[in-house]
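K.L.:
Have a look at this prediction, sequence included:
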Amino acid sequence: MASQNLNVSTANSGQGDKLRVAFVAVKQMFHDIYGIAESYEDALDISGETFHVSTTQIEDDAVTYDKLEDRYTEKLDIATTSGTINLDASSYAIFELTGALGSVTLNVQGMKKGQVIDILLTGTLTSAVIELTDDFATSAINKVGSTSLDTSKSNIIQILCVDDNDSDAILNYAIATYESDTNPD
């Protein structure tokens with residue numbers, strides 16, 4: 001849709017567009033706007049503009065898995081077995097550590113309030129000593145439940161970001177073992 005340039009020279013100078021010419025251009029612009037709205041089921045793509053909307057509704061099934069950010073869908077396999085391992089939660093939702101873990105610091109980075117990440121410990125854990133840290137200026141990392149790392153099995157650590165305020169962040173985590181089992185009894 002092209003904008004129509006209306007010549008609105010000084011009032012009563014006789015130099016501007018004639019009334020009919022101006023209204024034909026205005027009519028064409030309204031026709032273009034309503035035609036686009038109808039063809040896109042009332043959804044306009046107006047790039048570069050800012051609008052303030054008090055209420056909006058997302059169409060059923062409009063947000064699909066493919067449209068989610070990597071922080072909610074992607075998995076990273078990590079073979080590093082010692083030292084500090086940075087877990088970038090802005091890029092991944094699942095981290096699988098597959099090597100023979102020694103003493104490691106898992107440094108969680110880029111968490112947002114309400115986000116949950118999974119850390120799968122599937123490698124050899126007999127020598128594993130794990131410490132959790134984060135990249136917030138001040139934070140509390142709280143353990144939920146009484147289960148601890150079981151070095152004889154695969155473990156999952158789930159971390160929930162309760163507050164991402166950089167000066168008062170809260171991360172809660174729980175740890176459990178898991179194994180292949182199709183019978184939930």
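P.N.:
Right, received. Where do you want to start?
K.L.:
Can you pull up the most central residue in this protein?
P.N.:
The chain has E69 as the residue nearest its centroid, 4.5 Å off, counting by CA atoms, centre = their mean.
K.L.:
where does that residue land on pLDDT?
P.N.:
At E69, the model reports a pLDDT of 86.
K.L.:
got the contact list for it?
P.N.:
Listed by CB atoms under 8 Å, 6 or more residues apart in numbering, E69 has no contact partners. In short, each C-beta sits where N, CA and C put it, glycine included.
K.L.:
Ok, A176 next?
P.N.:
Residues in contact with A176 (CB under 8 Å, 6+ apart) are T147, N155, I156.
K.L.:
and what of A137?
P.N.:
With CB under 8 Å, 6+ apart, A137 has these contacts: D166, S167.
K.L.:
Can you classify it by secondary structure?
P.N.:
What DSSP: H, G, I helix; E, B strand; the rest coil gives for A137 is coil.
K.L.:
That one and M111, how far apart?
P.N.:
A137 is 13 Å from M111, where distance means CB to CB, to the nearest Å.
K.L.:
So which bits of stretch 15-23 are buried?
P.N.:
In terms of neighbour count (16 or more other CB atoms under 10 Å), stretch 15-23 has its buried residues at D17.
K.L.:
these two touch, right, E96 and T80?
P.N.:
No: using CB atoms under 8 Å as the test, E96 is too far from T80 to be in contact (11.7 Å).
K.L.:
which residues are contacting stretch 86-101?
P.N.:
Stretch 86-101 has contacts (CB under 8 Å, 6+ apart) with 70-82, 85, 104, 106-112, 115-128, 130, 161.
K.L.:
what about the protein, any weak spots by pLDDT?
P.N.:
Judged by pLDDT under 70, the chain has its weakly predicted residues at 1-4, 34-48, 51.
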